[in-house]
Structure formats: C-alpha cells, structure tokens
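**Student:** sequence unavailable; structure follows:
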C-alpha cells in the first residue's frame, strides 16, 4: 500500500512507547526526502535519555544543524524559527513528556508555519500522552523484530517498525508494519497485517 | 584591517592625567552603594604593606589637613584624629581604569592606559569634530567631570611632551611646537624618568628640561649609554622632542566600521536607535563592498562605564533588518545604570562580499535564508548550543563525530556506515549482566531497571583504543549489535578482555541505539 498520508509538508507528531526506541527517528528520517539541511532540536531530557543523533548511522548522508535546547519552550521557539525559513528541508524537534507550553496554540502555530513555508515539521514525543494538539498527523511508532538476515541467522536483519496513524486530517488512520529496505533507501507503508503475527512469522 | 596612523605627519597626542583617580573611583562606588559622602570630612584610602598600612589616596579635605599618599596611616591619624580610613581595592581600580580607557574612545579611536591614573589618546584629526582643540579639551573635561573625575589635560605633538604638560604644566595646555619654551621650564621629573636619575641630574645641576637641552650631548650620552629607557634622560628627551619615535599601542584595534548616535539626553533603552544605526552601518559596508560577521553594540554611560552586547553571524551580511533582529531579546543584558548618551554599533570580522546573483532563475536563494535563521538561533541560545557535526577520522565512535559551532562552514557529509547506530548516548552507560555466556554478549542483562533478553546479535567488532592518545589503562572494546525481545536494536560493548592485565573483569556498557 502507498503512504496513508498525502505528501504535503505539515506538522506531524510521532509518539513512542519506549523512550530508548530509535524507531521513531528512523521513521521520521525516512520521510525526509529533501537535500536541504535539516534543523534538529532536542531538549535536555531527550538528549540525556535517548542520546544524540549520530551521523554515521543515519539512513543517508545528510546535513544537519543541531540545536542543544535546554527547555521545551526553547525547542518550540527554535522550531518556529526553522519552520519560518524555507531553506530547511525539515525541522525535527524532540520534546520529553507533556510540558505546559506544548498546548493546542503552540502546535497550531507550528502547523500553520509549516504549511505556509512548505517545510515539514516533525515532533518526536517520548514518555508523552497524546493530548490535544493541532498536529495534522499523529503517529505511534515502535520497533518490531527485524527480518531474518539473508546470510547470518544469528544477526538482526532489515529493521521493521510498527506504525499506527491514530489521527490524521487528510489521511486514512490505521495500523501498519513498516519495512525499511536498506539497499534501495526505499520506504514503504502498507504491509497491512496484524503486527505481531507478521513479525513473529518473519523471524519464525 | 585597520592601519596605524601615518607617522610622517605631525601627530596630536592627548594625555589625560587623573590625579585623584583612586579616591574618585572609591567615591563613585560608595555613592552607587547609596552612601552619602560629605566632601568636607577628610577621608583617605589605605593599603596594607610590609611596613604597615600606608595611605594610598586622599580627598581634598584630607589633603588640606596635610595628609598625603605614601605616608603611614598611624602618623596621619595623629595629624588628623577624625580621619576616615577605607581600604583601597587596587584590582577594581585597575579594571575601572581599563573600562575608562575604552570609554574614552568616545572622543578618539586610539586610546591606551598610561601609568597609574593616566590615559593617552592619539587625537590626530579628531579635534575639529568638537570645534578645534580648545573645544575638544573642554568637552573631555566636561565629560570626565560628569563622570565624577578630576583631570588635567594636555595636547602635544609627542607622547612625552603631552605627559609632561599634563602632570607638571599649568592647567589645560595645547602645545604645537615642543621647542617653544613651555616645556623647557619644567622640572626634569617631567621626563618620565626614575627617582634616582632625577636626584642624579639635580646633583649635576640640571634642574629643568631647558638645562638638559642646553648641555652638550656627548658627555651625557657617555654617562647614560648603558641605562634602560626609564633611567636614560637623553632617550626620554628625544622621545619628547620627537627625534625618537614612540608609537602609541592601543590594546585593541580601533574598529573599521563604526556608526554612533549621540543622544541629547541620557536614555535607558537603545532599542529605538538600532534600526537607524544598522541602516547607516550597512551603507558604509555597502560602499566598501564588505559584509560583517560580528556586530557589537556599545553604550557609553554617563557615569563613565561601558556596556556592550555582541552578536555573530554565520555568513557575512550587510542586511540592516537582519542585523537589527539579532539584538532581539539580548538588550536586557545591557546594564544602563543611570542612562547613556552615546550608542555605537561596530561591525567587525569583515569579509568581502560582492553584490551577487546566486541563481539564474528568479527563485529565492535558500542558503542565505538558512544562514539567517542560524544567526537568530545563535543570538538566542549562544554559539555553543547551535552545532553542526563534523566527521573526523578517529577510531573511537564517540570521537568520530565532532560537534562544532554552526558558525563554522567547513562541514561536509559524513560517510554512512550501517554498522553504526543512529543515536549515541552522551556517555556509555554500564549494564548489569544477569546471565553471561562464555562467548558473545550476555544472554540477559538489565539496563535502566529493565531486563533485556538478547534474541539475536552480530559481532564482535573490535575497536582498539587510540594508544597514541589515550591513557595506558584504556581497554579494547568489543562491540555487538543486538536485538532484544521487544525488537529494540542496541549497541553494547565489553570494555576489555578477561585477563588482559589492565584491571578487573571487563564490564559491559550500552552505547547506542539502532533504527
């Protein structure tokens, strides 16, 4: 199946169940197609709990500008500045928990800016509740058991993610298993099945 | 780049002598603390020395009673029992003089500290801005008086002459020719020479500079040939007459692009003036085809202090709106005191930029917009918080990625290695092995209070320490890519080998997270 959301720049949120799961990062990176630099902002707790981006392990070579923000309000400010500037390929903010400042108004500001300047905005929310928000698409992403490695039965193979689109303005909500093909740098949604059975079947 | 003033033309040097600097600095600070001072009461600052407390500075009331600097405090107490003694803070005084030196650049761009309580300025070509040299001296005197300082001033063609006239002359002096007799009447003390040399010259019957000029040079040269500058009256004399060059070394280069705005009345908030100043600065930059990478806003307070704010840009710019926006939210850090009456905007780190066309079609150029956003981020969060990764050829994974400030522009894309995680923990975290197996990673371990069971793994990948760089106790790391029971893909390593002679049994660490 093709991607469930129309391919237009807007603000999306990605939640994850486990703070140390890097699947949301991969999921967001796979969406960023532009060659322009990416503005990447982390608040202090996100950085402490889930580490910093490490460029050699990214999906493809990319240029990033990284902002080491202290508080969630700084992340929002920096995201707003970034979404105001069409020179960025995407703006990616990581916010830990449910801070007071991240309310409907704040997300609405970001969403409107993202749409006006056509810069996709992504928010990775760890240890957070999906409260009221103006984000156009809201995902929940988690790692699944990877596919079997073609040559080494012991080793982890192609990564698999479980993605649930639980709220979307234009797209179709649902739940998918997402496979990321390394060789082609090719991203595909729509292996529509019960995630766990598929994952277990894949690794036998 | 700035160039030193032309040496071939006659220069005009202003010497500012602040005879009561120590005392007045203390008085300003006392007033700022809210103390009310009575100028009729004798007051002095003391300094602890090996010979006991000694008077460092006195106010006019104390001086009238015969109290002088350098005398012992106990003697002076006997002379004047109601003398108020305070401690002198030499360190603060030195810093205050440095700040005053920067503040004095409101009159002329080259200034330097000249001994204790003295400043020297190269004012060549500056005096006409204030209505000639007379007006200039009046202006300097008035500004210093407003800041609470007594001063004695002199303008002369050489530093030596100005120094002598300011300290030993009669009132504010303007000297056009060093040989015109004004200087000849001064004592040899005015030559900036050490006390013993003065005594020696007096013993030889040479009491004034005129006497020294009238004496044949050869015997004097022979007498003082081996002496250092401070003990050599002839070299000092040549410096005074201009035969020996004495360049004025200003501690910081005077800036090339400066605009300033003089205000009729002291104000507290510079915000209104910034767009206008930025506009002017950019006009200057445009005329010379330059752009700035750093911009300093300085306010000169009426009480003799200077405050400044600096912003940097990641690309050379001369866009007034952008420059003005960089100061948003940064002006709170300026301490306006009782207000300031002069604002300057200085563009430094200038780079050549042409008026350029970046694209052939009419679409906007994005790289410039990106650079401006980065500037605003830096202006808000500071240069250490806005970073770009730079790949460095090192062994250790955490050293391969060097985070440098986004102002630098030599970043290039990192080569991708799929055996590396996409997230690296700031510091490797120790994991507790629950179920070890002889080879390979542990079958079960706990990290951050959660138990992880390893389903699959790949490895080891052995990474040796950088022996040319690390301590001798650093150990080999064996990295494993693992996948645990819920599908999390993690990067763990064992620090060291069993019985490698570098410490206890090896520990396991968590280092990164895979996609």
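**Tutor:** Nice, thanks for sending it over. Remember, predicted model here, so these are calculated numbers, not experimental data.

**Student:** tell me, which helix in chain A spans the most residues?
**Tutor:** Secondary structure of chain A read by DSSP state H shows that its longest helix is helix A:104-117.

**Student:** buried stuff in that one?
**Tutor:** Neighbour counts over helix A:104-117 (16 or more other Cβ atoms under 10 Å in any protein chain shown) mark A:106-107, A:109-111, A:113-115, A:117 as buried. Every C-beta, even on glycine, is put in place using the N, C-alpha and C of the backbone.

**Student:** what of stretch A:33-44?
**Tutor:** Per 16+ other Cβ under 10 Å, stretch A:33-44 contains these buried residues: A:36-43.

**Student:** again, but for stretch B:67-83
**Tutor:** In stretch B:67-83, counting by 16+ other Cβ under 10 Å, buried: B:67, B:73, B:76, B:80, B:83.

**Student:** ok, residues contacting it?
**Tutor:** If you take Cβ atoms under 8 Å, 6 or more residues apart in numbering or on different chains as the criterion, stretch B:67-83 is touched by B:41-44, B:46, B:51-58, B:62, B:65-66, B:85.

**Student:** between the two ends of it, how far is it?
**Tutor:** 9 Å (Cα to Cα, to the nearest Å).

**Student:** who touches residue 138 in this structure?
**Tutor:** In the absence of a named chain, chain A is used. Listed by Cβ under 8 Å, 6+ apart, the contact partners of residue A:138 are A:12-13, A:15, A:130, A:165-168.

**Student:** low-confidence stretches in chain A?
**Tutor:** A:1-3, A:182-204 (pLDDT under 70).

**Student:** please repeat the previous calculation with a cut-off of 50.
**Tutor:** A:183-186, A:191-204 (pLDDT under 50).

**Student:** likewise the stretch 1-150 of chain B?
**Tutor:** B:1-5.

**Student:** in chain B, which helix or strand is least confident?
**Tutor:** strand B:351-352 (a mean of 73; mean pLDDT, DSSP states H and E).

**Student:** next SSE after it?
**Tutor:** In the C-terminal direction, the helix or strand that comes right after strand B:351-352 (DSSP states H and E) is helix B:366-381.

**Student:** near residue B:336, how many other residues are there?
**Tutor:** 17 (other Cβ atoms under 10 Å in any protein chain shown).

**Student:** gap between it and chain A?
**Tutor:** Here residue B:336 is placed at a distance of 26 Å from chain A (Cβ to the nearest Cβ, to the nearest Å).

**Student:** isn't that residue up against residue B:269?
**Tutor:** Yes. Contact status for residue B:336 versus residue B:269: in contact at 7.2 Å, counting by Cβ atoms under 8 Å.

**Student:** which residue does the stretch 251-400 of chain B bring closest to chain A?
**Tutor:** When you check the stretch 251-400 of chain B against chain A by Cβ to the nearest Cβ, the closest residue turns out to be residue B:370, at 3.3 Å.

**Student:** let me see the ranges of the helices in the chain.
**Tutor:** Assuming you mean chain A. Taking DSSP H to define them, one finds helices in chain A at A:23-31, A:44-50, A:72-83, A:104-117, A:195-203.

**Student:** the intended chain is chain B.
**Tutor:** With helices called from DSSP H, chain B shows them at B:21-32, B:60-64, B:73-79, B:90-103, B:132-146, B:159-168, B:195-203, B:209-214, B:217-224, B:233-241, B:274-288, B:320-326, B:366-381, B:397-400.

**Student:** residue B:187: which of those is closest?
**Tutor:** helix B:159-168 (6.3 Å; Cβ to Cβ).
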